[in-house]
Structure formats: structure tokens, C-alpha cells
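Visitor: Sharing a model that was predicted from the sequence below.
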Amino acid sequence: MKKKILYLIMTLILSAMIFFGFKAYTQAKAYEDATASLVSHMSAKKLAEFQLKELAETFSLGLYKNSKKEELEKLKEKGEFYKKKSQKYALYAILSLLGVLSSYLLFSLRAFTFFGALSGLVLLVFGLVTPVMMVTIHKEVEYLGDVVLSFESKGVIGSISKLFETGDTVVAVVILLFSVLIPLLKTLSLLFVSVFMDSRFAHGIVKFFKMIGKWSMVDVFVVATFLVYLTANKGNVSRAEVEVGLYFFLAYVLTSMLVSLSADKMLHQRKA
């Protein structure tokens, strides 16, 4: 009875993580859309129009109101609102993950591996579809102000899709294979091992994914993204902002490492 209650609690915590992860995803996409809308008003042409309207408001002694100013302020406020919401829900999702990982103290290695692998799968999916980084290229232009020349905000899946569209098929396939398919298969294999622990394939699966895990690029991707972030923010023509998708990726990397060790230990104990 006690075990059933614990399983129910873990299921509820996992469900909460899925819920908060989905909310973080929707808010991150809303933030991306709000920022894209704001950036669309910061081209050279739009800023020139804005400055002319500012002059018209000044010379008309308040008879003419520059409605664009209020519109831009509302877009900024909306973007900040969605940004804070996405970060809050991502934090709740990661706190839920800590609740799942605490099952190591309460459950067997098999149960911990099962719930940990499910958590890893959830984190990986949200890490793949949620925006990871936002990069803008801008330049200060006299009389106009800060002109945005380029704006990009993509998740891993969006980036792969764009690479295919631009003809960079080889790069797209490599990223798809090592940052999506291998981590996905590895996580599913850990689920398989936790359910079919007595299967003669269990040891072989763990051994195989330990071998090809060295080629997984998820952890490399996380580090590379941080490097891009640090490098972009050092320049005076580019600005980078880490989005919540990267937090899901980082949480997945750590969870995957713990669950892999758990599965390995579980099978060694079973073999002994």
C-alpha cells in the first residue's frame, strides 16, 4: 500500500513537471513572438518614421500624439511579462524534477531508473521544441538610434528545419542524428531496461548506448550555446539572450547521466 502511494505521488510530480514544462514552452513562444513584433519596429525605415512622428508631436505642441510610442511600450511590457512567466514555469518544472530525483532515497534502483528516464524524456522533448537562444544584430545609427539588422530566435528543431531549407543538409543531418535521435533512443532504451530488466538484451542495450553516448552532442550543444552567448554579448553589434529551452537541455544532460549510472548499477546488482 505504501509503495502504491509513493508511485502515485511520483506520477503526480511527473505530471506537474509536464504541465509546467508545457506552460514554460507556451510562454517562451509568446515572448519570442512579442520580441519579433518589437524588433519589426526597429528597422531603419520604421525608426525614421518614428522620429518624424516624434518631431511632429513636438512641433504641434501636443496636438498630435505619437501613438507608436505607446504601442512600443506595450510590446516591451508584454515581452517582459511573457519572459518572466516562462522562466517561472521552467523553474517550477525543474523543482518538480528534483522531486522525481529524490525518489532515489525512497525507491529501488529500478523504480528510480524508470521515473528518471521518463523525466529525461520530458525534458528532452521540451528542450528540443522550446526556443534556446535569441540573437540580434544591431547598429547605432545617428539620428535614428539602435537599428536592428537581424533577429533570430530558434529551438533545436527550428534550427534543423532552417538548415534543411537553406540547403545545409549535411550539417542538419549531423545535428538531427547526434542531438536528437541518439539522445531520444538512449532515453527510450533506459525506459526499456527499467521495465524489462530481466531481458537478455538489457545489458547489451546499456553497453551500446554507453559506447555511442560519447558521440551524443547534447552536452556539447549546451556548452557551445553558452559560448555563443558569452561571445555575442562581448561585441557592440550583437546581443544574445539565453531562453528557457537551454535550461531544459541542461536539466536533461544531468538527469541522463544520473539515470545511466542508475541503470548500470541496477544491472550489475542483478547480475551479481
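Guide: Yes, it's here.
Visitor: And the strands in the stretch 1-150 of the chain?
Guide: 133-141, 145-154 (DSSP state E, counting those that start in this stretch).
Visitor: Comparing those, which yields the minimum mean pLDDT?
Guide: Set side by side, the strands of the stretch 1-150 of the chain differ in mean pLDDT, and strand 145-154 is lowest with a mean of 68.
Visitor: Could you give me the buried positions within the helix or strand just after that one?
Guide: Later in the chain than strand 145-154, the nearest helix or strand by DSSP states H and E is helix 156-165. For helix 156-165, a neighbour-count test (16 or more other C-beta atoms under 10 Å) marks Val156, Ile157, Gly158, Ser159, Ile160, Leu163 as buried. The C-beta positions use only the backbone N, C-alpha and C, and glycine is treated the same way.
Visitor: mind listing what's buried in stretch 169-182?
Guide: For stretch 169-182, by 16+ other C-beta under 10 Å, it's Ala172, Ile175, Leu176, Phe178, Ser179, Val180, Ile182.
Visitor: Just to be sure, which of those are found in helices?
Guide: Ala172, Ile175, Leu176, Ile182 (DSSP state H).
Visitor: of those, closest to Val122?
Guide: Ile182 (17.7 Å; C-beta to C-beta).
Visitor: Of the buried residues of helix 156-165, just say which sits nearest to Tyr82.
Guide: Gly158 (17.6 Å).
Visitor: Report the contact partners of the residue nearest to that closest one when sequence neighbours are not counted.
Guide: What sits nearest to Gly158 in space, not counting adjacent residues and going by C-beta to C-beta, 6 or more residues apart in numbering, is Pro131, at 7.7 Å. By C-beta atoms under 8 Å, 6 or more residues apart in numbering, the contact list for Pro131 reads Ala28, Lys29, Tyr31, Glu32, Ser153, Lys154, Gly155, Gly158, Glu243, Val244, Gly245.
Visitor: Okay, the nearest residue to Gly79 once chain neighbours are set aside and Val125: tell me how far apart.
Guide: Residue nearest to Gly79 in three dimensions, not counting chain neighbours: Ala34, with 4.0 Å by C-beta to C-beta, 6+ apart. As judged by C-beta to C-beta, to the nearest Å, Ala34 and Val125 stand 24 Å apart.
Visitor: Thanks a lot, catch you later.
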